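>>> How does the following fold in three dimensions:
(3 chains)
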Amino acid sequence: MNKTLTPPRPTRTGHVRPRGTLAWRAHGDRLSFLLRPRTLLVCLSLLLIGALTLAVSVSVGDYEIPLSAVPSALLGFGERLDVFFVQGVRLPRALTAIGVGAALGVAGAVFQSLSRNALGSPDIIGFTSGAATGAVLAILVLGAGRLAVSLGAITGGLLTAALVYLLAMKNGVQGYRLVLVGIGASAMLASVRDYLMTRADLTDAMGAQIWMIGSLNGRGWAEVTAVWIAFALLAPPLLAVGRRLRLMELGDDTAQGLGVSIQSTQIIALTTASALTGAAIAVAGPIGFVALAAPQLARRLTRTGGATLVGSACMGATLLLLADLVALRALAPTQLPVGVVTAVIGGGYLIWLLYTEWRDGRA
Amino acid sequence: MTENARLSGQDLTLAYDQRVISRELAVTIPDNSFTVIVGPNACGKSTLLRALSRTLKPAQGNVLLDGQVIGSYPAKEVARRLGLLPQTSIAPDGIGVADLVARGRFPHQSFLRQWSAQDEAVVTQAMEATGVSALADRSVDELSGGQRQRVWLAMVLAQQTPLLLLDEPTTYLDIAHQMDMLDLCADLHAEQGHTLVAVLHDLNHACRYATHLIVMREGAIVAEGDPATIVTADLVEKVFGLPVRVIADPETHTPMIVPLDRRGVRRHHD
Amino acid sequence: MALRAPTPTRPTLSGRLIRPLGLLIALGTLAMCVLLSLTVGSKPIPVTDVWAALTAPNGTYDHEVIRTLRLPRTIIGVFVGAALGMAGALMQALTRNPLAEPGILGVNSGAAAAVVIAVFLFGATGTGLVWPAFLGAAIAAVAVYALGSRGRAAATPVRLALAGTALAALLQGLIHGVVVLNDFVFDRIRFWQVGSLTGRDLDLFWQVAPFLIVGIALTLALGPSLNTIALGDDLAATLGARLPLVRAGTAVAVILLCGAATAAAGPIWFVGLIIPHVARTITGPDQRWMLPYAAVLGAILLTAADTIGRVILPGSELEVGIITALVGAPLFIALVRSKRMAQL
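Below is the predicted model of the structure:
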């Protein structure tokens, strides 16, 4: 194999590559890739932080398991209680967090890229609000079980997102119109939920409320399987259209000029990202702001123009894992729903984002 | 000649939603020409360019590229033959110059072949041709309007297409950068044999650079041909509603339009 | 910022008469709504009995219903509606932003967060929620406006809506954090969070009345100055408007009106958004007329919505806040889609 890994260009006179990239080629030119060491480094660091968080998540709790005992418990040896907590409770919960976080991160990056707007996440365009309303309807009106609640959430989310998208369409979908229509629709749905909450008895209403916030409490291997299968099925098509999405950030006309078929890309990306969001919500409830913050953070760290799907996935997974650890331990022994933590972090982050962008005089 | 031209439109009806801009338009872009489309505001010149570049689907009629309906090609195939510099493009926050130019290689790449040696060579050439090599590591945000437009042109050049369509490439540029840009286009045409189609605002620029001029008014083509033969005072008055004199450009001897002094006042230096 | 001159109004006789006449008609409509609000309910009470209950109460059940239930909620409805209508009009004038509205700008979530804290920390109930709601609304309004108007560019519609959404998200997180830990707080907040006039008594009204009345008076006094502000800051300054003073006055009026309204009735969405638009189509851009119209129309909307809510569902009441949200959100979206916002 004659691969060449050319070092960064020493002088101006040589060949030009996008900054901060390395070319990797093999088999002549039949295989060639542009590597971004910085992106790679960011993803690896995130994975490392994620792994550390995972280890901590598995070991700490009201029943402490020393880190040294964790590996054996993972493999099924060690004390019976250790094995029970690690394999039966903490590991599936953490793996659910990773799957849900990665799904939300990728979906958020796709939504933001499509609307060319840092705020075009499923939270703002009504998907989350619709899912919450669908679930509350299922819980309080139909008295549905877990599966039906998840179905209600997915239905509500997809319907709302489709409706918001259609309403925002007028000579094409314009980013900010989408955001404002989403805010209006969310306000209306919130009042429907408020109404339902006042008509239910306290226990049911509380159950619905916790579901609405989004939580990983009590998630087991069934949820892990569901969200990881969904991710495994839905992420590859998104990665496949990833390059097209990045070109579409240059404007529809430019992208079309470069040979991107806009409509089919939009349809593939929208339906797949919606399905991915739906899967995440079905498993953990509408956890807010991971989809908004993860792609933005990833972008800033990797310093790429435009969204990075892989980086957003790593960031989303690590963020949610960390947030869940905080939710578990902040008020121990009481477990907070993780959505509380992400909303506070996400809302704060959004305020900071707006604050700095507007201070610098950007739109 | 019409049958052999690589890019042409037949019986085109162009419309946005229900608003019809042009009806039954026939247009041929002569091969190896620098064709410029001019006309007053809202005459449909950009609409025609959009139809030729397949960003607008005609309500009726066909645009033919190399003898086939342009919509029947795969999207990437068209992009290997015809490049487009639209009026508005968006540079994502923080994108680097070389990164942006490199995106022009998309039609030549595939999933397993994302950055061949040829890609790298072509991007380098395109940046040299437009004089932006020195900016390679800068962010597009930091550039001036003139530099930015050159970078976008480099991106389109990196596409390596025999046909290049430019929609008002000089808008927002000051006079020096306008001339820079047009000189660059003329060089591309003369030295590298590209067929260029540009929409321009300024009639004098059009006359100076075009080898083939298409004059439009209210969605229809009023005149086309060599600027030296078709641009007359009558034509300009008919199209723009402005009485003018046409004189020879003292530099290039192409037609030059000088509006008449309608107020009848001769201002003297005092 | 582009100058937007108010469309010239022709000083014809009919033109001069139409606005006072329209206001009279609106006031008449309001009187009708008030009367309906007093007579309509789960138990209809004839007008003659209503009159008797107000002038010569005899202590019967019907009279008690009128005096202790329907009269207070009607009065509060009128004032809250007027306050929200005016507050919306003021915000839209101050920010030159057709989408400005107390709810969108985070006032409701500010009040909700403060109420949650008050219930959680002090076990506050009933009229004890008035002050926290007032304070929370005021702080949120100031914070959102400050965030939205940072930097060189003005506070655009999008910016304020985003700032409001961001703050609301943060506060919602805090609220959720508290309510999942505490059933009692959750139970209170879920009822408070639905804006409603149910069960409001006159004591509550007297608590917020001073703020409402000062706010309304201040608003009416600001009308002429706001007319000049509509021309753009630079031109307003050359016309002699004292911008900082007008701004501060408007901000104080908004806080008084929003805070008092939210304290009295809980969060009510979209009244502050729709009413100024309706008023403007009748009066044109002259704030001196627009503001009184906004007050009267707001009062009409709220009392009418409250009355409808009492009879629309057999056997139960639909809160006024729900009705305004269900009616208001589609109008908001229609507005976003409309021509005037096309350049967004």
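>>> C-alpha from now on. contacts and neighbour counts both.
OK.
>>> all helices of chain A, in order?
A:37-59, A:70-74, A:80-83, A:91-115, A:127-136, A:146-168, A:175-199, A:202-213, A:221-248, A:252-257, A:262-284, A:290-302, A:309-329, A:338-359 (DSSP state H).
>>> Quick one: residues contacting residue 228.
You didn't say which chain, so I picked chain A. Each residue near residue A:228 by C-alpha atoms under 8 Å, 6 or more residues apart in numbering or on different chains is listed here: A:96, A:99.
>>> I was thinking of chain C, sorry if that wasn't clear
C:235-236, C:239, C:241.
>>> can you check residue C:46 too?
residue C:39.
>>> let's see 10 Å
For residue C:46, the contact set (C-alpha atoms under 10 Å, 6 or more residues apart in numbering or on different chains) comprises C:36, C:38-40, C:62.
>>> got it, and residue B:55?
Counting by C-alpha under 10 Å, 6+ apart, residue B:55 makes contact with A:252-257, A:262, B:47, B:49, B:84, B:86.
>>> Find me the pLDDT at the nearest residue to residue A:39 once chain neighbours are set aside, would you?
Leaving aside its sequence neighbours, residue A:39 sits nearest to residue A:302 (C-alpha to C-alpha, 6 or more residues apart in numbering or on different chains; 4.9 Å). pLDDT for residue A:302: 84.
>>> Please verify my assumption that residue A:302 contacts residue A:309.
No: in this structure, residue A:302 is not within contact of residue A:309 by C-alpha atoms under 10 Å, at 11.3 Å.
>>> Have a look at these two and say which one is more surrounded.
residue A:309 (26 against 19; other C-alpha atoms under 10 Å in any protein chain shown).
>>> Filter the contacts of residue B:55 down to the buried ones, ChimeraX style.
One line in ChimeraX is enough to select the buried ones among the contacts of residue B:55; burial here means 16 or more other C-alpha atoms under 10 Å in any protein chain shown:
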select /A:252,253,254,255,256,257,262 /B:47,49,84,86
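>>> Three-state assignment for the residue positioned nearest the centre of chain C, please.
The centre of chain C sits closest to residue C:84, judged by C-alpha atoms, centre = their mean, with a distance of 1.5 Å. Following DSSP: H, G, I helix; E, B strand; the rest coil, the label given to residue C:84 is helix.
>>> Leaving out the residues flanking it, which one is nearest to it?
residue C:272 (4.9 Å).
>>> Flag every buried residue along the helix or strand encompassing that neighbour.
Using DSSP states H and E, residue C:272 sits within helix C:271-283. By neighbour count on 16+ other C-alpha under 10 Å, the buried set for helix C:271-283 is C:271-280, C:282-283.
>>> same deal with stretch C:247-262?
C:247, C:249-262.
>>> and what of stretch B:217-232?
So stretch B:217-232, judged by 16+ other C-alpha under 10 Å, has buried residues B:217-221, B:223-225, B:227-228, B:230-232.
>>> so where's the chain shaky on pLDDT?
Chain wasn't specified; assuming chain A. A:1-14, A:170-176, A:305-307, A:360-363 (pLDDT under 70).
>>> Not quite, go with chain C.
Across chain C (using pLDDT under 70), the flagged ranges come out as C:1-15, C:104, C:150-158, C:339-344.
>>> Make a markdown table out of the contacts of residue C:228 and add neighbour count, distance to chain B and secondary structure.
Shown next, in a markdown table, are these (neighbours: other C-alpha atoms under 10 Å in any protein chain shown; distance: C-alpha to the nearest C-alpha, whole Å; DSSP: H, G, I helix; E, B strand; the rest coil):
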| residue | neighbour count | distance to chain B | secondary structure |
| --- | --- | --- | --- |
| C:235 | 14 | 28 | helix |
| C:236 | 18 | 31 | helix |
| C:239 | 12 | 34 | coil |
| C:241 | 19 | 37 | coil |
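>>> Surely residue C:89 and residue C:273 touch.
Yes: contact criterion C-alpha under 10 Å: residue C:89 and residue C:273 qualify, at 7.8 Å.
>>> Out of the buried residues of stretch C:247-262, the closest to chain A would be?
Using C-alpha to the nearest C-alpha, residue C:262 comes nearest to chain A of the buried residues of stretch C:247-262, at 15.5 Å.
>>> now check stretch C:179-197, is it near chain A?
Yes: using C-alpha under 10 Å from any C-alpha of the partner chain, stretch C:179-197 reaches chain A at C:179-184, C:186-195.
>>> Could I get the full set of helices for the stretch 201-344 of chain C?
Taking DSSP state H, counting those that start in this stretch to define them, one finds helices in the stretch 201-344 of chain C at C:202-229, C:233-238, C:243-265, C:271-283, C:287-312, C:320-337.
>>> Direction-wise, compare the fourth one with helix C:287-312 and give the angle.
Here helix C:271-283 points in a direction 120 degrees away from that of helix C:287-312 (axes from the mean of the first three to the mean of the last three C-alpha atoms, to 10 degrees).
>>> could you say what helices and strands helix C:271-283 packs with?
helix C:13-39, helix C:71-95, helix C:287-312, helix C:320-337 (3 or more C-alpha pairs under 10 Å, 6 or more residues apart in numbering or on different chains; DSSP states H and E).
>>> Now do the contacts for the most centrally placed residue in chain A.
Closest to where the C-alpha atoms of chain A average out (C-alpha atoms, centre = their mean) is residue A:104, at 1.7 Å. Contacts for residue A:104 (C-alpha under 10 Å, 6+ apart) come out as A:98, A:110, A:121-122, A:231, A:273-274, A:276-281, A:287-295, A:312-313, A:315-317, A:320.
>>> hmm, back to that, what's the closest of the helices of the stretch 201-344 of chain C to residue B:110?
helix C:320-337 (39.8 Å; C-alpha to C-alpha).
>>> Show me where the stretch 1-150 of chain B dips below the pLDDT cut-off.
Within the stretch 1-150 of chain B, the set of residues satisfying pLDDT under 70 comprises B:1-3.
>>> Check it for the residue nearest chain C and tell me.
Closest point on the stretch 1-150 of chain B to chain C, by C-alpha to the nearest C-alpha, is residue B:88, at 15.4 Å.
>>> Ok, the stretch 201-350 of chain A next?
residue A:347 (4.2 Å).
>>> quick one: contacts for the residue nearest to residue A:39?
With C-alpha under 10 Å, 6+ apart, residue A:302 has these contacts: A:36-43, A:308, A:311.
>>> now with 7 Å?
A:38-39, A:42 (C-alpha atoms under 7 Å, 6 or more residues apart in numbering or on different chains).
>>> Export these as TSV, with columns for neighbour count.
Output for the contacts of residue A:302, formatted as TSV (neighbours: other C-alpha atoms under 10 Å in any protein chain shown):
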residue	neighbour count
A:38	15
A:39	21
A:42	17
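>>> between the residues you listed, which is closest to residue C:134?
Among these, and counting by C-alpha to C-alpha, the member closest to residue C:134 is residue A:42, at 46.0 Å.
>>> phi, psi of residue B:250?
phi -60, psi -20 (degrees, to the nearest 10).
>>> In three-state terms, how would residue C:169 be classified?
helix.
>>> ok, it to residue A:347 distance?
Residue C:169 is 5 Å from residue A:347, where distance means C-alpha to C-alpha, to the nearest Å.
>>> Residue C:95 now?
Counting by C-alpha to C-alpha, the gap from residue C:95 to residue A:347 is 24 Å.
>>> and what of residue B:146?
Taking C-alpha to C-alpha, one finds residue B:146 at 39 Å from residue A:347.
>>> Look at those two and report which has more neighbours.
Taking neighbours as other C-alpha under 10 Å, residue B:146 and residue A:347 compare with residue A:347 leading, 26 against 18.
>>> Can you get me a residue count around residue 206?
In the absence of a named chain, this looks at chain A. For residue A:206, using other C-alpha under 10 Å, the count is 20.
>>> Actually, chain C is the one I wanted.
For residue C:206, using other C-alpha under 10 Å, the count is 12.
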